[in-house]
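Chemist: model this:
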Amino acid sequence: MKVAIYARYSSENQSEKSIDDQIRVCKKYIKENKMTVEERHIYIDEAISGSIVNRPALQALEKAAENKEFDAVAVDDLSRLSRSNHQMLTLVMKFNYLQIKLISVSDGIITDDENSKLGIHIRGFINELYLDDLKKKTMRGLEGQKLRGFSTGENVYGYSSHPFGELKLNKKGNPKYEGMVHKINPDEADIVKRIFKEFIEGKSINRIVRDLNSDKTPTKKGYIGGWNISTVSRILKNEKYMGLWVWRKWKNVRDPMTGKVKKVPRAEKEQMPVFKEDLVIIDKETWEKAQKRWQELEGAWPVRKKSNIKQKSYVKASPTHLLAGLLKCNSCGGAVVLVGGKGSGYYGCYNAKRKTCDNTLLVPRNRVEQTIISELKGKILTHQNLECVYKKLEKLVSKGLNKTPELIKKKKSQHDKVFLEIQNYLNYIKVGNFSSAVSEALKEAESKSKTLKDELKSLEYQKDNTFKSPPKEWINHRLDRLHETLSKNTTSSALALKEILGTIKLEPVTDKNSDFYYIVSNGEKKFKPSYVAHTKIQTLALLDEKHKGSNWLQWRRR
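Modeler: Predicted coordinates:
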């Protein structure tokens, strides 16, 4: 009888020697029972849990069994096949169907024995209970590490893990620290801040990804493909950056039929939230702004039909022009969009383009933007208003900087203490007293010294460069170039205009006193229509007699 051997060890609680022991036991049984085994039919899965379905060697064993390459499969015990009772019984049934015996040497079970069924079920039940018990013990140990303030394996962009405590040998004789702690990685933290800043300013996630990759910004694990949309989205939704580390927030569940694993949220009572002030990268205000932008984007992408989220235009959350998504037709209530034309394009009613609205008037995009912005400058962004804002800001800054000299004195005192601490460590090392604990303490003191130096430098700069209100000429120069300034960052400017102006309704009106008209076939005069825009500020005339009319209508002067 030809026999195949399957052996497996799990990295959690066994060593590589376990494989040799399993094969030795199986070979001994095969020899004693006058069976044969070929080396090519010894299948080994190393450091793979028994709860995992897709094991390379197990899959190869099943394929060989389907090809009738052997008559029986020998294992040291049934737990080598699987710790899951459901999976183990499925494999037993599959081998029975293929007319292949399953021999569990240590359990004393052979599947062609009619009395083996009860033993298989009992062993499967015991193996599954063992796995459940192992999970509980593992979670208990991880929970203890969390309560002591240590990391439990989280690999988060913006942070790096550092060993903590004395280096000791564990039960297996391997060197191990007391635990690992997270610290902010300055380079990665700057990238996280950049992502949040650009997202809040209105940059699309796709654009952020393109910019990160064009700048050759490294990812956490140095992926060849670089940054992608899902990675940036996870960063923008990760509350760890504001110091809230929630442990046991999710759990893995396995599909018993396919073996696929998915994450599902745990009940709130099972979660363990921990606030870590020393790991704050994003302040609360920035976080709230980012979440507000997420709400604005919700529904901008295609949503499922069964979803409760209402589908909306992506332009409203990520406008491509200064007034994109703000304009509405007063006649039908539909959107006014860019419908074509040369140059910067023409705005027109989208429903009119679909022949469901009579408002066929078009207006150049540049003219709409310039008129709205001019009115904005005249009503809100006046020189007097801006000068008043700058003066108030100057007073607030001056009031805040009154505490700067005191803070500088305090920081200098802290730095002197840390510097003395570093010198003591160095003197201690010079006389031959060196250990990993001293080395780690020295690194921590040097890092603290660098931080205090940077803070002192920043405070000195603030002291020497107090904010002053800009002169009138500077304000006027900026106001004159307002349209150009807003166009430099279109998305961010458009979102700001949306807050100020709200929805802009364009109402087509006809002025019979106008000099612009055209003659229809029966000789009747048709006067040129024009738009009036209704905003939060006041009603604005977008077209006047100085301008030519829409490209949808032909004009001629009498």
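
Chemist: burial of the nearest residue to residue 227 once chain neighbours are set aside, as a residue count?
Modeler: Closest residue to residue 227 apart from its sequence neighbours, by CB to CB, 6 or more residues apart in numbering: residue 212 at 4.4 Å. Every residue, glycine included, has its C-beta placed from N, CA and C. Neighbour count of residue 212, defined by other CB atoms under 10 Å: 21.

Chemist: buried set for the helix or strand hosting residue 212?
Modeler: If you go by DSSP states H and E, residue 212 is part of helix 205-214. Judged by neighbour count (16 or more other CB atoms under 10 Å), helix 205-214 contains these buried residues: 205, 208-209, 212.

Chemist: for those residues, which one is nearest residue 198?
Modeler: Checking the buried residues of helix 205-214 against residue 198 with CB to CB, the nearest one is residue 208 at 5.4 Å.

Chemist: tell me the contacts of residue 286?
Modeler: Shown in contact with residue 286 (CB atoms under 8 Å, 6 or more residues apart in numbering): 196-197, 200.

Chemist: the helices in the stretch 451-558 of the chain, which residues?
Modeler: Along the stretch 451-558 of the chain, counting by DSSP state H, counting those that start in this stretch, helices occupy 472-480, 482-488, 490-501.

Chemist: Comparing the ones you listed, which stretch has the densest surroundings?
Modeler: Most buried of the helices of the stretch 451-558 of the chain, by mean neighbour count (mean count of other CB atoms under 10 Å): helix 490-501, with a mean of 17.

Chemist: Could you chop the chain up by domain?
Modeler: 3-138, 159-166+175-295, 314-380+482-541, 385-472 (automatic domain parsing).

Chemist: before we move on, back to that, out of the contacts of residue 286, who's the most crowded?
Modeler: residue 196 (22 neighbours).

Chemist: that older thread, quick one: mean pLDDT for the helix holding residue 212?
Modeler: The average pLDDT within helix 205-214 is 90.

Chemist: so what secondary structure elements neighbour that helix?
Modeler: With contacts defined as 3 or more CB pairs under 8 Å, 6 or more residues apart in numbering; DSSP states H and E, the packing partners of helix 205-214 are helix 186-200, helix 229-237.

Chemist: would you turn the ones you listed into a markdown table with distance to residue 345?
Modeler: Formatted as a markdown table, the helices and strands packed on helix 205-214 follow (distance: least, CB to CB, whole Å):
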| stretch | distance to residue 345 |
| --- | --- |
| helix 186-200 | 26 |
| helix 229-237 | 28 |
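
Chemist: Can you give me the end-to-end span of stretch 73-85?
Modeler: 18 Å (CA to CA, to the nearest Å).

Chemist: Check the offset of it from the chain's centre.
Modeler: Its chain's C-alpha centre and that of stretch 73-85 lie 40 Å apart, by CA atoms, centre = their mean, to the nearest Å.

Chemist: rewinding a little: with residue 147 as the reference, name the closest of the domains of the chain.
Modeler: Comparing those by their distance to residue 147 (CB to CB), the top pick is domain 159-166+175-295, with 8.3 Å.

Chemist: a markdown table for the buried residues of helix 205-214, including distance to residue 354?
Modeler: Listed next are the buried residues of helix 205-214 as a markdown table, based on distance: CB to CB, whole Å:
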| residue | distance to residue 354 |
| --- | --- |
| 205 | 31 |
| 208 | 34 |
| 209 | 34 |
| 212 | 39 |
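
Chemist: So which bits of the helix or strand in which residue 126 is found are buried?
Modeler: Counting by DSSP H and E, the element that carries residue 126 is helix 116-147. Within helix 116-147, the residues scored as buried using 16+ other CB under 10 Å are 116, 119-120, 123-124, 127-128, 131, 134, 145-146.

Chemist: Look up how far residue 81 lies from the closest residue to residue 264 other than its chain neighbours.
Modeler: Of all residues not flanking residue 264 in the chain, residue 253 sits nearest, at 5.5 Å (CB to CB, 6+ apart). Relative to residue 81, residue 253 is positioned 22 Å away (CB to CB, to the nearest Å).

Chemist: How about the secondary structure of residue 157?
Modeler: Secondary structure, DSSP: H, G, I helix; E, B strand; the rest coil: residue 157 is coil.

Chemist: Could you measure from it over to residue 200?
Modeler: 18 Å.

Chemist: Need the pLDDT of the residue nearest the centre of the chain.
Modeler: For the chain, residue 234 is the residue whose C-alpha lies nearest the centre (CA atoms, centre = their mean; 1.3 Å). pLDDT recorded at residue 234 is 91.

Chemist: Next: the one 5 residues further on.
Modeler: Residue 239 is assigned a pLDDT of 92 by the prediction.

Chemist: Please apply the same query to residue 519.
Modeler: With respect to pLDDT, residue 519 scores 61.

Chemist: again, but for residue 555
Modeler: pLDDT at residue 555 comes out at 28.

Chemist: sorry, back to before: could you work out which of the domains of the chain reaches nearest to residue 150?
Modeler: Nearest of the domains of the chain (CB to CB): domain 159-166+175-295, 3.2 Å.

Chemist: so how far does that closest one reach from one end to the other?
Modeler: With CA to CA as the measure, the ends of domain 159-166+175-295 fall 27 Å from one another.

Chemist: hmm, back to that, quick one: which of residue 253 and residue 81 has more around it?
Modeler: residue 81 (26 against 11).

Chemist: now residue 450: how far from residue 419?
Modeler: 11 Å.

Chemist: More neighbours: those two, which one.
Modeler: Ranked by neighbour count (other CB under 10 Å), residue 450 and residue 419 place residue 419 first, with 15 against 12.

Chemist: Confirm that one sits in a helix?
Modeler: Yes. The assignment for residue 419 is a helix, going by three-state DSSP.

Chemist: mind listing what it touches?
Modeler: residue 449.

Chemist: now residue 164
Modeler: Contact partners of residue 164, counting by CB under 8 Å, 6+ apart, are 150, 177-181, 440.
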